[in-house]
Each structure stands twice: as structure tokens, then as C-alpha cells.
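**Student:** coords please:
(chains A and B)
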Amino acid sequence: MAPENTHIEVRDLQMAYGSFVVMSEINFQVCQGEVMIIMGGSGCGKSTLLKHMIGLLEPARGSIFYNGVSFVDLGDREKQGMLRNFGVLYQNGALWSSMTLAENVALPLSEYTDLGEGEILDIVTLKMALVGLKGFEDYYPSEISGGMRKRAGLARAMALDPEILFFDEPSAGLDPVTSRRLDDLILQLRDSLGTTVVVVTHELASIFAIADNAIFLDAESRTMIAKGNPHDLLHDPPDPKVRFFLTRGGEEAG
Amino acid sequence: MESDASKSYVDTIRRGDLLVLKIGGNWRLSGQLPDFETMPDPLQENPDLAGIAFNTKSLNDWDSGLLSYLFKCLQFCRENELTFVQSSLPADIQSLLDLAQAVPEKEDARRSLESTFFITRLGAWGIQCYRGALEFHEFVGQCALSFFRLLTGRTRLRWRNFLVTLQDVSASALPIVSLISFLIGLIIAFLGAVVLARFGASIYVSHLVGYGMLREMGAVMTGIIMAGRTGAAFAAEIGSMKVNEEIDALKTLGISPIDFIVLPKLIALFAMMPLLVLYADLIGILGGLLVSTTLLDISPPQYFDGLNEAVAMPDFYLGVIKGTVFGVIVAVAGCLRGMQCGNSADSVGLAATSAVVTGITLIIVANAVIDWVAAIYGI
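**Tutor:** Here you go, the predicted structure:
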């Protein structure tokens, strides 16, 4: 049932640390311009799945396709070319602490484009403004708050206008209002740039607000046990655990 | 009678087939509490016991001390299939005990502490060493590849990182290098003064200082200083970048962390160590001069004449080459341990420690090897 505009496809993925299998038989597709949520309880392997998708970890089995190209089988150089189209926002922003925010955002640009310093500066100013950090260009990551670091991380992830944005727990450690703003920002980016978005989260508010599609990873059975829009999953859960999760454990199955 | 009323106590009363624990007084952790385990085993005294109940009428004030006592009692009842009459406790204590039992203990969660057989541990250690050696070689190879990429223009030097490191490993290191080398020169001259004076050969002290500083101590001491100062700093910096996912951020951007972080550090140390060694040699010789002129009545011209006679350029080159090798060792050890750092705060400390230990060990080994090769070729 692969639709024509499938952007990402994960096929029969098995993730393992040494001989310890974290998750197996993961299959899902993400369409162009879709917001896909990877959800599940703490420690079930959500972030591990994300790390596989962005090439930080090698799958034990299975493959990941971007626009029909198998990411896992690519050589270093081709992989690097593909990574250029990804933007990743890490849990704590992961800004390079020895550089100012502007330098952080400028680095991908100076690595991958032939733009002059003035043009890079223009783009940096624009991206910083987009995430609401105009005026903080010369601050170091240690001088700003966690929420600001996350937004600066997003500015850096967006620097090269990536085709896919990955978010690792975007709302973790943020107050509800900031977290809501980040959700809005994600939706706006998707709507205006057509970016495909993959989000790892367990924040129910975010899940219901932004998801087009979601998969649910279960730590006990070590595989994904649900796939679909979270609203549909709530009304018609394929497994009681999914409903339990989506209702904050408030309602037992049935 | 104030103290009696506040003292915690347990009385046991037999009532039917139940044992009633009369709990009274102030049960706070700060006071002396009765211990359930040191109490005489209730089953031994009452073999036909069916359960344990409580009487808490005279209980004043309590905290986790009482709860822990009751929890042990509860476990005792469970192990011996006795009834634990929870309803005889106050409601707030009951709800806390319920909470403690809400999630059953996970069967395989508790870590087993049984010690493994000696041979097994030795084998595991051997495998670990083997893996460590593999990782070390892989890292050295990656650094070499990265350097090769730089030479062939497929990657570029990050000037900013390079210049920052360059300053840190050169000008900023001068004070400590000065102090240590001056003292080393001084110490060699002192030793010489004591030993040579017995043979009336004090004039040769400059031979000793010149030979010692140029060939050995200048390079070795600078190497050790840099291992402690810069190697540890490299490991801590890269380690905390790893903890903060900054390395991952580089990788997902398609930038090799070796090119971006390690290469500038490596080249900076490679370029600056020969100069530092040269400087250390000079300062050490001045240290020797101070002792010679003040203690041994050797005039500066005599000292320098002796020096001129004793050492030649090969001695100096040997020291500088050693220094360059040590510089590479310090950079590689520091960066490797940083990249191997785990994901927690204490692993950054371990990485820094390990960088210094690895650096110093390799410096001493490399020094011995270079001396051996130099002896073969008669340098």
C-alpha cells in the first residue's frame, strides 16, 4: 500500500545493541509533507529508531529508503550527500558550545554552499528570526535558556532548507506554552515548505496537535503495535496498550 | 516522663491466632528505632501463628522509619504465608503501604552480584584489551586518512578551531613549561654537582645538563606536561561534546568529527611541540647555569664551552623529533579517549583520566623505543 509520494520507507527494520535486540519488524511509510510521530513509553527505543533513520546507528537487519534509495547500502560519500537533505533537532539542541548561535547556524551553510559571508549572514538572520531569536546571534549556547537552545537548534536544522526534519523529543523540558509554539512552528514549516517531518515524542498534546500519522512502539513485545492517525487510533485501537497510552492510562481497555 | 512518652517501642501481645504488635512512641528516623530483624522470630515462639496485626493507639509521630519497619514485617508475612492485617493500621500508613506494593518487583531487574570465576574475568579483560587495541588502531588510521584528505584538498582545515588550539598549546603552555624545565635543569645540575665533585670533575656539569636536557628531559617533561594539560583538556572537551550530542550533530550534517575536531588539534600539537621542546631545552640549560655559577664556581663562558663540547646538533634533533612524536601521541590519546567517552557526566572525568594515563604511558614507551633506535644508529 505504498502511495506514490512515499518519501521515507522503513522495511523490516531490526535494531540491536550487540546481541540485545531492541526492536524488530518495523515497517512504515512516510509521505511527502507528512508529520509522522514515533511514540511509545519511555525507554522503548523511539530515539534509537530515530538514530537509525539518520544514520548514527546501523540496523541489524532491514532497510530504510529515502525517495526509493536504500540509505543503509549507500557509500560514505553518497550518504553524506543524502544527510545534507536532513535537518535534525536533538533533545537539548546539541549546539556546538564553542560557537555563537549565528556561527552554529552558519556552519552547515559554509560547509555545503558557495555563498559569501554576507549572504550567509543574511540567511542566518532570517532563520534566527523564523524561530524568534532575532538579536541573539552573538550569544553562546551556555548563555541562553533550554527553550531558546532548542529553537536555535531548529534554526540550525533548517539552515539548508532540508527535505526532512527530524525532531528528538521536541517538547521535553519545555513549558507548555513554549512547547505549543514549537508545535505551531513545525506545522507552519510543513505547510509553507512542504517539509516531511518525523517527530519522536510521548507528549500527548503534541501528538494530537501535529500528527498526520503515527506509529506506536511497544517495549514488551519489542515491535510496533499500531500505525495510523492518533485520533483514529484513539477511537479504534488495534491494541489496548495504545489506547491506554493515548488516554494517559486513564481508561482501561474496553 | 517526657522522654519515655517519646521513645519508640514495640510490644508483642498474643491475641487468638494473631500476634498483635503494639507500636508506640515517636517513630522518627532521627531517634532510636526497634529493628524488625533483631526481634525474636515470632514463629519460633508461636508456631501456630496465623497473622500479624497492629495496635497503634499510643503512636505519636512517625516517618519513613516506621514504614520501613512495617514493610519488612509485610515481607516477613508474605514469605511465611501469614496474614498481614493491614486494616489495623491508620489509613495514611495503609495507603503508603499500598503504594509500595502497587507495582510488583520485576523478576529479573535486580542485578546479581555473584562474582565470576577468575579465568572468566581474565578472559573478559583480555577481550577488552584486544578491543581497545583495535579501536586505537582504527582511530589512528582515521586520523591518518583525515590528514591525507587534507593534503589532497578533499577536506579543509577549520582555521578557527586550529588557531584556538594553537594558542592553547603554545603561548598558554609557556609558564608551566618554563617552571618545570628550569627546575629539571636545576636538578640535573645539582645531581651532577654532588656526583662529579667526588671525582673533582665538576667542570663536566654542563655536559650532564646539555646531554640530559637536549636528548631526554626536555622532550619527555614537555610531553608529560602536555599530556596532563592538553591531553586531558582535549578528552574532556570532546567527551562533553559527545554527552551533549554535539558530535552526533556533526555526523548528521555529514561533517566528519575527525576532520572537524581532531585534525586541528593534532596539527596544532604537531606544529608546536618542537618549538616547546626547543624552549624547554633552553630554559633547562639556564637552570643548570644558575647552579653551576652559584654552587660550583664555574663561570658562564666555561659552562657554555663545556656545553659546546658535549652536545652536537644530532642530540638536539633527537630531542625535537621525540617532542614531535610525543605531541602526536598526546593529541591522539586525548582525542581518542574523548571520542570513546560514554554518555554520562562521570564518563567525561574518566575520559580525561584515561587520556593522561594513556598519553604518559605511550610517551615513556615511545621514548624508550626512540632511544633504542638512536643507540643502534649511534646517534
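**Student:** show me what the host helix or strand of A:M224 is packed against.
**Tutor:** Using DSSP states H and E, A:M224 sits in strand A:223-228. Strand A:223-228 is packed against strand A:20-31, strand A:213-218, helix A:240-246, with contacts defined by 3 or more C-beta pairs under 8 Å, 6 or more residues apart in numbering or on different chains; DSSP states H and E. Backbone N, C-alpha and C define where each C-beta goes, glycine included.
**Student:** give the buried residues for the first one.
**Tutor:** I take that to be strand A:20-31. A:22-24, A:26, A:28-31 (16 or more other C-beta atoms under 10 Å in any protein chain shown).
**Student:** got it, and the last one?
**Tutor:** Within helix A:240-246, the residues that count as buried by 16+ other C-beta under 10 Å are A:241-246.
**Student:** past the lengthiest helix in chain A, which element shows up next along the chain?
**Tutor:** Identified as the longest helix of chain A according to DSSP state H is helix A:176-193. Stepping forward along the backbone from helix A:176-193, the first helix or strand reached (DSSP H and E) is strand A:196-200.
**Student:** show me what contacts the nearest residue to B:D305 once chain neighbours are set aside?
**Tutor:** Leaving aside its sequence neighbours, B:D305 sits nearest to B:S206 (C-beta to C-beta, 6 or more residues apart in numbering or on different chains; 7.8 Å). Shown here is B:S206, whose contacts under the criterion C-beta atoms under 8 Å, 6 or more residues apart in numbering or on different chains are B:288, B:292, B:298, B:302-307, B:310.
**Student:** export the residues you listed to JSON lines and tack on neighbour count, pLDDT and secondary structure?
**Tutor:** Output for the contacts of B:S206, formatted as JSON lines (neighbours: other C-beta atoms under 10 Å in any protein chain shown; pLDDT from 0 to 100; DSSP: H, G, I helix; E, B strand; the rest coil):
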{"residue": "B:G288", "neighbour count": "30", "pLDDT": "93", "secondary structure": "helix"}
{"residue": "B:S292", "neighbour count": "24", "pLDDT": "90", "secondary structure": "helix"}
{"residue": "B:I298", "neighbour count": "23", "pLDDT": "88", "secondary structure": "coil"}
{"residue": "B:Q302", "neighbour count": "16", "pLDDT": "90", "secondary structure": "helix"}
{"residue": "B:Y303", "neighbour count": "23", "pLDDT": "91", "secondary structure": "helix"}
{"residue": "B:F304", "neighbour count": "14", "pLDDT": "91", "secondary structure": "helix"}
{"residue": "B:D305", "neighbour count": "14", "pLDDT": "90", "secondary structure": "helix"}
{"residue": "B:G306", "neighbour count": "20", "pLDDT": "89", "secondary structure": "helix"}
{"residue": "B:L307", "neighbour count": "20", "pLDDT": "90", "secondary structure": "helix"}
{"residue": "B:A310", "neighbour count": "16", "pLDDT": "86", "secondary structure": "helix"}
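**Student:** pLDDT score assigned to residue 219?
**Tutor:** Here I'm looking at chain A. pLDDT for A:A219: 84.
**Student:** hmm, no, I was thinking of chain B.
**Tutor:** 95.
**Student:** am I right that it sits in a helix?
**Tutor:** Yes - counting by DSSP: H, G, I helix; E, B strand; the rest coil, B:A219 falls inside a helix.
**Student:** helix/strand/coil for the residue nearest to B:D305?
**Tutor:** B:S206 ends up helix, using three-state DSSP.
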